[in-house]
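> Would you be able to build a 3D model of this:
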Amino acid sequence: MTLYQRILVPIDGSETAQCGLQEAIRLAKAGDGQLCLFHVIDDLSFALAMDAYAGQQGDWLATMREAGARLLNEAKSTAAAAGVKAEGVLYERVSTRLADAVAAQAAKWKADLIVLGTHGRRGVGRLLLGSGAESVLRSAPIPVLVVRAKASEQPEEAPAEAPRAHVSLVTGALKIE
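As a prediction, this is how the structure comes out:
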C-alpha cells in the first residue's frame with residue numbers, strides 16, 4: 001500500500017492551482033489513490049463577483065456556485081481522463097479562514113495529503129496579498145505538498161542592481177516607495 005491514497009486538492013481556477021492538480025493526479029495515479037477536489041466560495045470571491053457583475057441584476061451567489069461547480073467538473077474530467085477517481089466539494093464559507101476550511105475538509109474526508117499550487121510571491125507582493133499556501137501549511141493536520149508554478153509562470157526576479165522597495169507603516173497606512 002502506498003502512503004498517500006486520499007489526496008485533497010484545493011482549486012480556484014488559477015494556473016498555480018492547475019499545477020497542483022496535475023501533481024496530485026500524478027501521485028494518485030502512481031499510488032492508485034483518489035482525489036477530493038475542493039473549491040471555496042469566500043467573502044473575497046463574493047466581493048469580486050459583485051464588482052465584476054456591477055450594473056447587472058442577478059444572484060451573485062448563484063453565479064459563483066455555478067462557476068465553482070464548473071471548475072470542479074473540469075477538474076474531475078481532467079482526473080478521469082488520467083484514470084484517477086475524483087470527487088468534488090463546493091464549500092461556502094462565511095467568516096472562516098480559507099486555511100481552516102481546507103484543514104476541516106482534510107479531517108472530514110480523512111485525507112492523507114493536501115496538494116496545492118502556490119504563486120511563490122515574495123517581498124511586497126506577499127505582504128500585500130498574503131500567502132494562502134503558507135496559511136494552509138500552518139493549519140493543516142496532515143502533510144502538505146506545495147507545488148510552485150512553472151518557471152514561465154513565475155514572476156521575473158528583479159536584477160541585482162535594482163533598488164529594493166521600501167515598505168513602511170505610517171499611522172496605520174501602508175506606504176510603498
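
> all helices in the protein, in order from the N-terminus.
In the chain, the segments counted as helices under DSSP state H are 15-31, 43-52, 60-81, 98-109, 123-129, 132-139.

> Can you find the helix or strand in this protein with the smallest mean pLDDT?
Among the helices and strands of the chain, helix 123-129 carries the lowest confidence by mean pLDDT, DSSP states H and E, at a mean of 40.

> Indicate which one of the helices of the chain is closest to Ala149.
Nearest to Ala149 among the helices of the chain is helix 15-31 (4.8 Å), distances taken as C-beta to C-beta. Using the backbone N, CA and C atoms, a C-beta is placed for each residue, glycine as well.

> For the closest one, could you pull out the residues that count as buried?
16-25, 27-28, 31 (16 or more other C-beta atoms under 10 Å).

> pLDDT and distance to Ala133 added to those, as a markdown table?
Converted to a markdown table, those look like this (pLDDT from 0 to 100; distance: C-beta to C-beta, whole Å):
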| residue | pLDDT | distance to Ala133 |
| --- | --- | --- |
| Thr16 | 89 | 9 |
| Ala17 | 91 | 11 |
| Gln18 | 94 | 15 |
| Cys19 | 94 | 12 |
| Gly20 | 94 | 9 |
| Leu21 | 97 | 14 |
| Gln22 | 97 | 16 |
| Glu23 | 96 | 13 |
| Ala24 | 97 | 14 |
| Ile25 | 97 | 19 |
| Leu27 | 96 | 17 |
| Ala28 | 96 | 20 |
| Gly31 | 90 | 23 |
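
> which stretches of this protein aren't confidently modelled?
1-2, 42-58, 94-95, 119-131, 150-177 (pLDDT under 70).

> Number of residues surrounding Arg6?
Residues near Arg6, counting by other C-beta atoms under 10 Å, number 16.

> What of Cys36?
For Cys36, the neighbour count with other C-beta under 10 Å is 21.

> can you pull the contacts of it?
For Cys36, the contact set (C-beta atoms under 8 Å, 6 or more residues apart in numbering) comprises 6-9, 86-89, 105, 109, 111.

> what's the distance between it and Glu66?
According to C-beta to C-beta, to the nearest Å, Cys36 and Glu66 sit 21 Å apart.

> Then Lys110?
According to C-beta to C-beta, Lys110 and Glu66 sit 29 Å apart.

> go on, Thr96?
According to C-beta to C-beta, Thr96 and Glu66 sit 22 Å apart.

> of the two, who's got more company?
Between Thr96 and Glu66, counted using other C-beta under 10 Å, the more crowded position is Thr96 (14 against 11).

> Fine, thanks again, bye for now.
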